[in-house]
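> build me a structure from this.
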Amino acid sequence: MHCHLVIPHLFWPASADDPGAPSPWQDLHLPFVERLLARARLEVTEHAPLHVWAASQFGLDPETLALAPWRLRGEGLDPGEATWVCLDPLHLQAGARQLMRSANPLSSLTPIEAEQIVATLNAHLAHDGIEIVAPHPYRWYARCASADFRAAAPPIAGDALAETGLPQGPDGARWRRLLTEVQMILHSHPVNEAREARNASVLNALWAWGVGRACPLPARTPEQWISDDPLLRGLALGNAAQVAPTRPGAAAEAAVAGAASSASAMPASLESSIRVQWLHDDGPARAVEAGDAGAWRSALAALDAGAVKQRLEALRSGAIGMLTLHAIGPAESLKAELTRHDLRRFWRRLRPLKTYLAAHEADSR
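Next up is the predicted model:
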């Protein structure tokens, strides 16, 4: 079996540093992650962040990012033959010169509040042949007969909105107009007025991206995917892979404080046809998105002592044949590939995780 570990934000981003706080890297010791990286063959790729990496991994064009129907399927809904658009709710704030996605997320938006806003917007958009569905308060989708535009994924928290990230192409102007109309409706919506009255962040914009229809995916080796991410789960289901949650019985959007509880154990059993297993651990990413360096360190410690240690032991015993770590960053990814034979390269000294941020070259030693 070939085991993969998919870890977005294995590295703490410099942009998230708090000048007044201790460095997140201070005294960070991850013996098993450090051993894996020291012994492995390393390669840096440009396939990042996670949704771009996922598109590339499943044979989709990262430039078009027609991911909405697959993420919808990962939510448990059938995309059918319709065209879908990811229509993600945002809280925007004014920066020095331009709008920015607030670092304060819509963490308290309830399903009832989302339903009330969606009902209002659907009444307005019906004449355009657009219907919004919201299987999750923070992940919305628009169903339409057709849509022909390109758009970037939403900016991460704290980043400025780029004009080029808005819908472009044949239907770009129409969708930009619709999004402006939506902003005007949101500005005076009773849900937002009530949230503002209690000093909660307001939903003041929707971000359209990922437009497309479901299409056949290139065939892959029989696989198992362990993930709570709806996009990864939807793509895996589209490839007839086995899919399991990372944290059984827990909500995918568990609080960052629970990051250390991410599942790490090897599955008790797999069908004999399964040759590839993927484990996606989003604990570090959730901590980074919340700007919580302590939770990030806790998530890495749990990952090191759990999934990484267990898979290194399985590799050493011959229970698995290869282990690959995919450290997915915001701009590039580090791939570390390891076989049982590679574990014998004892002369490669262990280095702290932070040192690999500067190691932007393939390991040819």
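
> going forward, measure contacts and count neighbours with C-alpha atoms only.
OK.

> got a pLDDT number for L65?
Predicted confidence (pLDDT) for L65: 85.

> check the one 5 residues further on too.
On the pLDDT scale, W70 is placed at 96.

> excluding chain neighbours, what is closest to it?
G234 (4.7 Å; C-alpha to C-alpha, 6 or more residues apart in numbering).

> so which helix or strand takes in the one you found?
For G234, the enclosing helix or strand under DSSP states H and E is helix 230-238.

> report the distance from that helix to the chain centre.
Helix 230-238 sits 12 Å away from the centroid of its parent chain (C-alpha atoms, centre = their mean, to the nearest Å).

> just stretch 172-191 next, same as before
In terms of C-alpha atoms, centre = their mean, the centre of stretch 172-191 is set 26 Å apart from its chain centre.

> same question, stretch 203-222
That offset, for stretch 203-222, works out to 13 Å (C-alpha atoms, centre = their mean).

> with adjacent residues omitted, what lies nearest to E113?
Nearest residue to E113, sequence neighbours excluded (C-alpha to C-alpha, 6+ apart): V191, at 6.3 Å.

> I'd like to know how many residues surround that neighbour.
Neighbours of V191 under the rule other C-alpha atoms under 10 Å: 19.

> name the next helix or strand following the helix-or-strand element of the chain with minimal mean pLDDT along the chain.
None of the helices or strands of the chain scores lower by mean pLDDT, DSSP states H and E than strand 99-101, at a mean of 67. Downstream of strand 99-101, the next assigned helix or strand under DSSP H and E is helix 111-125.

> which residue is the nearest non-sequential neighbour of G291?
Excluding the flanking residues, the one nearest G291 by C-alpha to C-alpha, 6+ apart is A16, at 6.4 Å.

> try L206
P89 (4.6 Å).

> wait, doesn't the one you found sit right on W207?
Yes: the pair P89 / W207 is scored as a contact, 6.5 Å apart, by C-alpha atoms under 8 Å.

> hang on, K354 in a strand?
No: checked against DSSP: H, G, I helix; E, B strand; the rest coil, K354 lies outside a strand; its state is helix.

> can I see the domain layout of the chain?
2-60+218-358, 69-212 (automatic domain parsing).

> point out where this protein drops to low pLDDT.
Applying pLDDT under 70 to the chain flags residues 95-100, 102-107, 157-159, 248-273, 358-365.

> OK, contacts around the residue nearest to E113?
E113, Q116, I117 (C-alpha atoms under 8 Å, 6 or more residues apart in numbering).

> I'd like to know how many residues surround the last one.
In other words, I117. 18.

> can you tell me how far it is from A134?
10 Å (C-alpha to C-alpha, to the nearest Å).

> now do S146
For S146, the distance to A134 - C-alpha to C-alpha - is 19 Å.

> same question, L300
When L300 is compared with A134 (using C-alpha to C-alpha), they lie 32 Å apart.

> same question, L125
For L125, the distance to A134 - C-alpha to C-alpha - is 15 Å.

> same question for H124.
Going from H124 to A134 by C-alpha to C-alpha gives 16 Å.

> this completes my enquiry, with thanks.
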